[in-house]
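Peer 1: Fold the following.
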Amino acid sequence: MTAAVGAPLWPGPENEAVPELSIVIPCFNEEENVRAIHAAVKAEAERHARSHEIIFIDNKSTDHTRALLRQICAEDGATRAIFNNRNYGQMRSPTHAIYQATGRAVIGMCADFQDPPAMIGEFMRLWRGGAEVVLGQRRSERASPLTRFIRAAGYGFLGRFADYPVIPGATGFGLFSRDVVDALATWNEPEPFFRGMVVEGGFRIAIVPFDRPERAAGETKNNLRTLADFAISGIAGSSKSLLRWPIKGSIYAGLATALLLGGALAAHLADGRGWALLFLAAQAGMFAVLLLFLGLIGEQVRMISERTRNVPLVIEEARLNFPAGRRAPVDRRQFGTEEA
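Peer 2: You can find the predicted model right below:
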């Protein structure tokens, strides 16, 4: 089986013109931002692309976001919307929308203006210059010291142990060529860590540093739990070398335990005290290490199970403004393979 890369896997019906640019905007409870981000993104798309489509994907908002998206779609024929039947998180939902886009280039960005629409022109320039992927790299951001520490630790851990290099500060904000989207769609990732997948794929990547502004309105959807989810998925899905760590760790832990037991025995023979506490501390440390790696191995086994299940990234409740031939979700994973 070989992956076919080149022409769009799903170019749309023959009577539908393929847009040069698709812009994907995931949202969840963004009633204060959707109209403004639509206006800003559309202005940039009209300025820098020959033709375009804008795709919002809503992760089961509980405010008026969906009502506003219905109004926007009624007013603009080039804007489309996908409504998920539940919240599928910040990895599966945006990736599903990217796979539904038909543009020769696809840009993914947030709805809260922390991914500046003004960078669309530079992304398009670099893509036309030969880049297959253009990533926005967060140079600075107003965030709490704890958030910055967690992000730095996560990037450092991935940089040290991942099977391919990571790009610190890169988020899902970027442009992906048609070939990249079609190639990655065949990977069947249950929890697609897209920023890592584009690096693992070996594509030509251009970086655009930027200072990330504050959210325009509303409340951030990121918290320590979502950051932890990103980190766990990134580590479990991109580091095969961690599977070998329990064996090495068990050897070192065994040696350390032997030394501690020897020291505790010597202390006990000298004055009869101290060895019990040292023994308990050594046992607790060993159990902590074992639990950590069992958790990572379990996460990787779970991801293997998810790949075997072959479930869709999301289940759609409705979609708006899609042409007749695209009124049903397209599973791009069925394309891109042929018998050898």
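Peer 1: any idea how this protein splits into domains?
Peer 2: With automatic domain parsing as the criterion, the domains of the chain are listed as 2-220+312-338, 241-307.
Peer 1: Who are the contact partners of residue 78?
Peer 2: Contacts here follow Cβ atoms under 8 Å, 6 or more residues apart in numbering; on that basis residue 78 touches 19, 42, 52, 53, 54. Every C-beta, even on glycine, is put in place using the N, C-alpha and C of the backbone.
Peer 1: The second one and residue 212, how far apart?
Peer 2: Plainly put, residue 42 is 22 Å away from residue 212 if you go by Cβ to Cβ, to the nearest Å.
Peer 1: what about these two, which has more around it?
Peer 2: Shown here are residue 42 and residue 212; by other Cβ atoms under 10 Å, residue 212 has more neighbours (21 against 18).
Peer 1: Give the next helix or strand downstream of the helix or strand of the chain with the lowest mean pLDDT.
Peer 2: Every helix and strand of the chain was ranked by mean pLDDT, DSSP states H and E. The lowest is strand 2-3, at a mean of 36. The helix or strand immediately downstream of strand 2-3 is strand 21-27, counting by DSSP states H and E.
Peer 1: Can you tell me the strand partners of that next one and which way each runs?
Peer 2: In the sheet, strand 21-27 lines up against strand 52-58 (parallel), strand 105-108 (parallel) (DSSP bridges).
Peer 1: and that strand, average pLDDT?
Peer 2: What strand 21-27 shows for mean pLDDT is 98.
Peer 1: Ok, which of the strands paired with strand 21-27 comes nearest residue 171?
Peer 2: Residue 171 lies closest, by Cβ to Cβ, to one member of the strands paired with strand 21-27: strand 105-108, at 9.2 Å.
Peer 1: ok, and for the helix or strand just after that closest one, which residues are buried?
Peer 2: Later in the chain than strand 105-108, the nearest helix or strand by DSSP H and E is helix 120-128. Residues 120, 122, 123, 124, 126, 127 are the ones in helix 120-128 that count as buried (16 or more other Cβ atoms under 10 Å).
Peer 1: Could you do stretch 184-192 as well?
Peer 2: Within stretch 184-192, the residues that count as buried by 16+ other Cβ under 10 Å are 184, 185, 186, 189, 190, 191, 192.
Peer 1: gap between the second one and residue 71?
Peer 2: According to Cβ to Cβ, residue 185 and residue 71 sit 31 Å apart.
Peer 1: follow-up on the earlier one: pick out whichever of the buried residues of stretch 184-192 sits closest to residue 320.
Peer 2: residue 185 (22.4 Å).
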